[in-house]
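Chemist: pasting the structure only:
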């Protein structure tokens, strides 16, 4: 059996919101496998929301630049929020975006090797120069390049960025209401983070896993365990419908009119504009998403200072 550390228990607790003992027992049952332990807790109906805002720890900025039919979005991390608000830091990030659009690097490493826009230094050397000037560590985490008809949105001065890509004909694209419509879709994606664009984008394996978890929850519930199999299947189908609503952008309730889904809003707008509109993709960056700050133990730090 794998050894279960206090660190593992604490990590699982942060991921699920469950109690320490439940987390430890789940890890034991899962033989130390974190993903399996999360699944065990979900099957028991103990796990809460998978994501928590307070787990997002890194500082920095998300920014977007559009030139012609090309948009680029980037996340650059810094140690403190103070630096992220620094105007020279923001100009530096904007310069990286110009570099991305002009040179189209394949990934972050390729980007760092590019010549920084309007200068002779590489992006990597420019980062080192900024670190020396500002006195704080910073780095490029990720970026994306999107070509075609897009709408973008930056929230909270760079805490969240969204680019939505559309497939549309001239009748819809040139309609006076299209820009506001497109912005509304970007606002939706920013406000309610999801994993998938639509039902078709959800992997069959993910649905199979969700169905298995839901059925296990039903069978573990005394009120539902003895119900006929066909009733249980209908209950699972209903839960899967809710899963789609919670995890697919086009299946969500439209934020400005919850009587319709985002998909219905797109269809209604296309009809109003007299053209064709399809949302074909979206990209959402949240500053520091999934990065945890180093947790300092103040008492331990003082003890080390005293004993050294």
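Modeler: Perfect, thanks for sending it. A quick note: this is a predicted structure, and the numbers were derived from the prediction, not measured.

Chemist: avg pLDDT for the helix or strand encompassing residue 27?
Modeler: Assigned by DSSP states H and E, residue 27 belongs to helix 20-29. Across helix 20-29, pLDDT averages out at 86.

Chemist: Any buried residues in that helix, and which?
Modeler: For helix 20-29, the neighbour count (16 or more other CB atoms under 10 Å) marks 22, 23, 24, 25, 26, 27 as buried. For the C-beta atoms, the positions are set from N, CA and C on the backbone; glycine is no exception.

Chemist: Out of those residues, flag the one nearest to residue 4.
Modeler: Using CB to CB, residue 27 comes nearest to residue 4 of the buried residues of helix 20-29, at 4.8 Å.

Chemist: right, and the closest one touches residue 8 too?
Modeler: Yes. With contact defined as CB atoms under 8 Å, residue 27 counts as touching residue 8 (5.8 Å).

Chemist: packing partners for the helix holding residue 27?
Modeler: helix 6-16, helix 34-43 (3 or more CB pairs under 8 Å, 6 or more residues apart in numbering; DSSP states H and E).

Chemist: Assumed residue 281 was part of a helix.
Modeler: No. Applying DSSP: H, G, I helix; E, B strand; the rest coil, one finds residue 281 to be strand, outside a helix.

Chemist: Okay, it and residue 256: tell me how far apart.
Modeler: Computed as CB to CB, to the nearest Å, the residue 281 to residue 256 distance reads 22 Å.

Chemist: can you check residue 229 too?
Modeler: Remark: distance between residue 229 and residue 256 (CB to CB) = 41 Å.

Chemist: cool, and residue 111?
Modeler: 37 Å.

Chemist: neighbour-wise, which of the two wins?
Modeler: Between residue 111 and residue 256, counted using other CB atoms under 10 Å, residue 111 has the larger neighbour count: 21 against 10.

Chemist: dump the residue contacts of the more buried one.
Modeler: Counting by CB atoms under 8 Å, 6 or more residues apart in numbering, residue 111 makes contact with 96, 99, 100, 105, 123, 140, 143.

Chemist: One more pass at 6 Å, please.
Modeler: 105, 123 (CB atoms under 6 Å, 6 or more residues apart in numbering).

Chemist: So for the helix or strand where it lies, what gets flagged as buried?
Modeler: According to DSSP H and E, residue 111 maps onto helix 108-113. If you call a residue buried by 16+ other CB under 10 Å, then helix 108-113 has these buried ones: 111, 112.

Chemist: How about residue 257: what's its closest non-neighbour residue?
Modeler: The spatial neighbour of residue 257 that comes closest, neighbours along the chain excluded (CB to CB, 6 or more residues apart in numbering), is residue 265 at 7.1 Å.
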